[in-house]
Every structure is written in structure tokens, then in C-alpha cells.
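Enquirer: 3D, please:
(one chain, ligands or ions: 2)
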Amino acid sequence: MSEVDKRESGVAAAGDWTYASAPESRDIVRIAERYGHFVGGRWLEATETYETISPRDEEPLAAVGQASAAEVESAVAAARAAFADGWSSLPGSERAKYLFRIARILQERSREFAVLESLNGGKPIKESRDVDLPLAAAHFFYYAGWADKLEYAFPNRTPRPIGVAGQIIPWNFPLLMLAWKVAPALACGNTVVLKPAETTPLTALLFCDVLRQAELPDGVVNIVTGDGRTGAALVESDGVDKIAFTGSTEVGKAIQRQLAGTGKKLTLELGGKAANIVFDDAALDQAVEGIVNGIYFNQGHVCCAGSRLFVQESIYEPLVAKLKRRLTTLRVGDPLDKNTDVGAINSAMQLDKIRELVASGEEEGAEIYQPPCVLPEKGYWFAPTVFTNVAQSYRIAQEEIFGPVLSVLTFRTPDEAVEKANNTPYGLSAGVWTEKGSRILWMAQRLRAGVVWANTFNRFDPSSPFGGYKESGFGREGGRHGLEPYLRFDE
Ligand code: NAP
Ligand code: MG
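Expert: Ligands and ions are numbered 1, 2, ... in the order given. The predicted model follows:
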């Protein structure tokens with residue numbers, strides 16, 4: 001019996017994984033019928049609105065403002081005034097108090113935020129509850145700690161705030177991306193105008209209530225909602241000193257072109273097509289868990305998702321068998337059910353994109369596997385999917401799908417793994433699974449990716465910088481590195 005056969009035997013067959021439903025109550029959340037824009041600490045009536053829905057059943061949730069260029073300008077003016085009126089000159093220790101307060105309030109109200117996040121965005125409640133909310137609070141705690149230590153973070157330099165930061169965020173981690181952007185900006189003494197994604201504005205709007213509870217001075221954080229036009233108006237505004245953008249590479253490139261020569265600072269966190277690489281000495285069951293977490297976490301709506309799985313040839317068959325068996329145990333369904341592993345696709349548009357790329361994979365000759373699962377009739381759903389028999393040139397191996405779709409490829413040697421893993425315009429993250437510490441370090445030095453995880457995947461911590469190589473963008477968020485884009489230095 002070979003080593004692999006030995007490891008393969010004795011694996012329990014997938015049994016009956018039907019669970020009774022365990023719905024989280026939504027009574028804790030009160031959603032208004034209509035929202036305006038949060039400008040200068042007050043709600044500004046929106047001149048135009050659109051409807052935000054829940055992707056789990058297309059239920060309309062609220063009317064939300066579609067900010068015009070003029071409304072964006074009033075938010076920018078409020079942020080400028082707050083910057084000049086004292087926020088930028090407040091001692092760091094005073095700014096820290098507000099950040100600590102925000103962090104604590106987010107913890108206190110975490111259940112409310114988690115339910116709203118799952119309702120508006122479609123992610124499983126266990127993820128909003130156990131990942132998004134704790135991490136969002138942790139970011140505020142972390143940057144609160146830096147606010148009065150900026151001189152120590154940058155010795156022999158004189159760090160100063162930049163001014164007004166325009167921040168544009170996507171729909172995959174709505175509150176968490178807000179925290180990633182707002183916390184360092186405030187810690188460094190800047191003021192903010194933030195635009196959440198069109199499909200997921202509600203937790204950002206609820207966050208305005210946290211700001212009021214924390215008694216943050218008016219105008220330090222302003223929130224305007226709307227689609228790409230609102231984002232474009234924010235980028236164009238003369239009153240903005242820095243743009244921080246997370247989203248698609250396409251829009252990121254357009255923003256970079258728009259800002260060229262203006263002197264505005266820019267950080268871009270864009271797409272990814274991460275390689276998750278499994279060597280034949282890895283703990284296979286552990287690797288399978290990491291692969292599942294890597295691509296099915298948040299329906300694969302993750303810029304650093306492990307969407308390309310590279311398996312060493314000698315373990316290809318047992319690993320793929322284990323992976324397929326594991327997929328049959330994933331529960332797909334209501335995001336508000338505490339047992340749900342894979343929730344709803346965020347929008348009809350994203351569902352179309354996933355379907356189109358999956359169809360291209362089948363047409364190009366890849367072999368598709370989807371576990372048997374019953375998808376709800378209403379709403380936007382896509383079954384967890386694995387493609388085998390994938391060539392490097394296929395679109396499903398090249399393009400970001402941003403859905404629960406994994407492409408499996410193989411390699412023989414570490415050199416080949418590096419070569420193939422780096423064969424992408426992106427470079428946000430990568431994963432390596434092996435028992436050998438030396439090989440982890442060898443691989444990490446060669447992989448062109450901002451984050452390399454070893455024997456784990458999709459781990460986040462506020463103290464750890466995150467960001468891309470190549471078309472995945474530039475600038476870092478998180479850690480001490482995450483302060484720098486929000487500071488200027490008089491040298
Ligand atoms: P996107 O259009 O780039 O959205 C990101 C943010 O930018 C949203 O708030 C968006 O508003 C805004 N925006 C759109 N056009 C803009 C413009 N011209 N100027 C300024 N801001 C603008 O991304 P998406 O349409 O949501 O998703 C498209 C693809 O991007 C996905 O399929 C995925 O591949 C990738 N993506 C990557 C990430 C990531 O974390 N790296 C996140 C989300 C999506 P709207 O919400 O109105 O579009
Ligand atoms: Mg868009």
C-alpha cells in the first residue's frame with residue numbers, strides 16, 4: 001500500500017448532513033424606509049434614490065440616496081471644514097479615544113450589524129458574526145493604538161495628516177472595508193468622505209449612528225451613497241487630497257488615469273487570482289479545509305480568494321476525491337441561517353458574470369463538478385463548483401471570477417509551481433501547503449504576491465499589511481504600513 005493509499009483509506013463516507021434550520025432573528029435590526037447622505041454629522045435629504053435589496057430573495061430593503069456631484073461636493077466641503085476646525089490638530093491621544101469608542105460600540109452592536117450585513121449582502125451570518133464584525137472592531141482598536149505613536153512609527157520623520165480622504169469600497173466586505181479605510185485615516189488625523197458599493201450601503205449607513213454615539217466631531221466622517229457615478233464624482237473633486245479605492249482592476253486603472261498629474265495620493269486594492277499550492281507532503285485533510293475556506297468563504301467574493309488550486313501530480317487523485325466529498329457537506333442557502341456555509345451571490349450582475357465564466361470553462365474543455373444541492377428559487381444563487389482538467393490558458397484560470405468556482409491545475413516540481421502560480425497579471429495572495437518549513441520560505445520568496453499564507457488561507461489580522469503586486473494594485477492596508485498612505489512627511 002502506498003503512502004497516499006494509506007492516507008486515503010479509512011475516510012468516512014459523507015453521511016446525511018441535513019441540519020434543522022437555525023434562523024437568526026432579524027428583529028434586532030431596524031431599517032429605515034429611506035436614507036439620505038450623512039454630511040457634517042447630519043442626514044442630508046437625498047435628491048434622488050434607488051432601492052437596495054436583499055440578494056437572498058430580492059426583497060426590497062430601503063430607498064437609498066444616489067448622490068449627485070453637488071451632494072458629493074457638500075460632503076467634501078464638510079470634511080474640509082472638519083479637518084481645519086480642529087480634527088487635524090487634535091492630539092493623537094484624543095483621536096485615539098474616538099477610535100476606541102467606535103471599536104467598543106461596534107462590539108456592543110455586533111449582532112445588529114452582522115444581521116444587516118448578511119441581509120443586504122448575502123453572506124452567511126456565521127461569517128458576518130465571526131469574521132467581518134470582530135475584524136472591523138479589531139481594526140479600530142488597532143489603529144486607535146497608533147494614533148498617538150505616529151512619530152515612533154516613522155522615526156526621524158515628521159508625519160502629518162494629508163487632509164480629506166475619498167474612500168471607495170466594494171460590496172464583498174462592506175463594513176470591514178469601511179473599517180480598513182476609515183480607521184487608519186482618522187488615526188492619522190485626516191477626515192473622510194466614503195462611498196459604499198451600490199448594492200451594500202446599509203451597514204455603512206448604520207455606522208453613521210455609531211459615529212453619533214461615539215460623539216465624533218461633525219464632518220470628520222461623511223458617507224455618500226450611490227453607484228459608480230458617485231464614486232467618479234468623489235475622485236474628481238478638487239477638495240479631495242487622497243483616494244483609497246478597493247474594487248475591480250478596470251475601475252482602478254480608470255481612476256489612476258484620472259488622477260495622473262493631479263498630485264492627489266492614491267492607493268488601489270484591486271482583483272486577484274490567487275494560487276493555492278499543495279505539495280505531496282502536506283496534511284491533506286487540513287489542506288482540503290484550507291482549499292474550501294480559500295474559495296467558498298464569502299461565496300468566493302474575495303479578492304484574495306484561492307481560486308487557482310495547484311496540486312502536485314502524485315496526490316492529485318486522492319486530493320480531488322477528498323475535496324469533492326467535502327463539497328457535498330457544504331450547506332448552501334439562507335444567509336441568515338446559522339448553519340449556512342455558502343450564502344447568496346451578491347447581485348444579479350455578479351451572478352451573470354459567474355455564469356458566463358463558468359460556461360466559458362465548459363466550452364473550453366474543463367470538467368465541471370458541483371455537489372448535489374437544492375438552490376432556493378428566489379434570489380441569486382450559485383452552487384459550489386470545481387473545475388478539473390483546466391489548462392493555464394483557459395479564461396477560468398486567468399480571469400477573476402469572484403464566485404464559488406475553483407480551477408484545479410497540477411505541477412510536478414517546486415520550480416514549476418512558482419512558474420505557474422506567477423503566470424497571472426495579478427499578485428494579491430498565495431497559499432502554500434507543505435510539511436517543510438524550508439520549502440515554505442523558498443516559495444514565499446519567489447511568489448509574486450502581497451500575502452503568502454502557509455498551511456492556512458484567508459487569515460486576516462489588523463497588524464498584518466495587505467495589498468498587491470502588479471495589477472492587484474499598490475499601497476498597503478493594515479499594520480504600520482497602512483498608516484503611510486494617510487500621511488505626508490515634511491523632509
Ligand atoms: P467596481 O465597479 O470596481 O466597484 C468598486 C467600487 O467602485 C464600488 O463602490 C463602485 O460603485 C465604485 N465605482 C464604480 N465605477 C466607478 C468609477 N468610475 N469611479 C469611481 N468609483 C467607481 O467593482 P464591481 O462592479 O462591484 O465588481 C466588478 C468586479 O470587480 C467583480 O466581479 C470582481 O471581479 C472585482 N471586485 C474586486 C474586489 C476586490 O476586493 N478587489 C471587490 C469587488 C469587486 P458601484 O458599487 O456602484 O459599482
Ligand atoms: Mg461596478
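Enquirer: Spatially nearest residue to residue 470, not counting backbone neighbours?
Expert: In space, and not counting its chain neighbours, residue 470 is closest to residue 427: 4.5 Å by C-beta to C-beta, 6 or more residues apart in numbering. (C-beta placed from N, C-alpha, C; glycine too.)
Enquirer: Just the element for that neighbour, please.
Expert: Residue 427 belongs to no helix or strand when elements are defined using DSSP states H and E.
Enquirer: before we move on, what about residue 452?
Expert: Going by DSSP H and E, residue 452 is in strand 451-454.
Enquirer: about what we covered before: any idea how far the residue nearest to residue 470 is from ligand 1?
Expert: 12 Å (C-beta to the nearest ligand atom, to the nearest Å).
Enquirer: what's near enough to touch that residue?
Expert: Counting by C-beta atoms under 8 Å, 6 or more residues apart in numbering, residue 427 touches 272, 448, 449, 450, 468, 469, 470, 471, 472.
Enquirer: and the most centrally placed residue in the chain, what does it touch?
Expert: Nearest to the mean C-alpha position of the chain, by C-alpha atoms, centre = their mean, lies residue 173 at 4.5 Å. Residue 173 sits next to 132, 298 when contact means C-beta under 8 Å, 6+ apart.
Enquirer: Below-threshold pLDDT in the stretch 351-491 of the chain: ranges please.
Expert: Where the stretch 351-491 of the chain drops to pLDDT under 70, the residues are 491.
Enquirer: Up against ligand 1, what does it have?
Expert: 353, 400, 402 (C-beta under 6 Å from any ligand atom).
Enquirer: my read is the second one is in a strand, agree?
Expert: To tie it back to what came earlier, the one meant is residue 400. No: with DSSP: H, G, I helix; E, B strand; the rest coil as the criterion, residue 400 is coil rather than part of a strand.
Enquirer: one step back: now the residues of the stretch 351-491 of the chain next to ligand 1 in JSON lines, with neighbour count?
Expert: Below are these laid out as JSON lines (neighbours: other C-beta atoms under 10 Å):
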{"residue": "353", "neighbour count": "17"}
{"residue": "400", "neighbour count": "24"}
{"residue": "402", "neighbour count": "25"}
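Enquirer: ok, these vs residue 22, which is closest?
Expert: residue 402 (28.0 Å; C-beta to C-beta).
Enquirer: does that closest one really touch residue 295, like I thought?
Expert: No: taking contacts as C-beta atoms under 8 Å, residue 402 lies outside contact range of residue 295: 10.8 Å.
Enquirer: what sits in contact with each of the two?
Expert: Joint contacts of residue 402 and residue 295 (C-beta under 8 Å, 6+ apart) are residue 305.
Enquirer: Can you give me the domain boundaries for this structure?
Expert: According to automatic domain parsing, the chain comprises the domains 34-270+472-490, 275-462.
Enquirer: quick one: low-confidence parts of this structure?
Expert: Ranges of the chain meeting pLDDT under 70: 1-17, 491.
Enquirer: need the residues of it near ligand 1, please.
Expert: Residues of the chain lying close to ligand 1 by C-beta under 6 Å from any ligand atom are 168-172, 195, 197-198, 227-228, 231-232, 235, 246-248, 251, 254-255, 269-271, 303, 350, 353, 400, 402.
Enquirer: partners of the strand holding residue 452, with directions?
Expert: strand 429-433 (parallel) (DSSP bridges).
Enquirer: Out of the contacts of residue 427, who's the most crowded?
Expert: Most neighbours among these, by other C-beta atoms under 10 Å: residue 272, with 32 neighbours.
Enquirer: Where does that one sit: helix, strand or coil?
Expert: Classified using three-state DSSP, residue 272 is coil.
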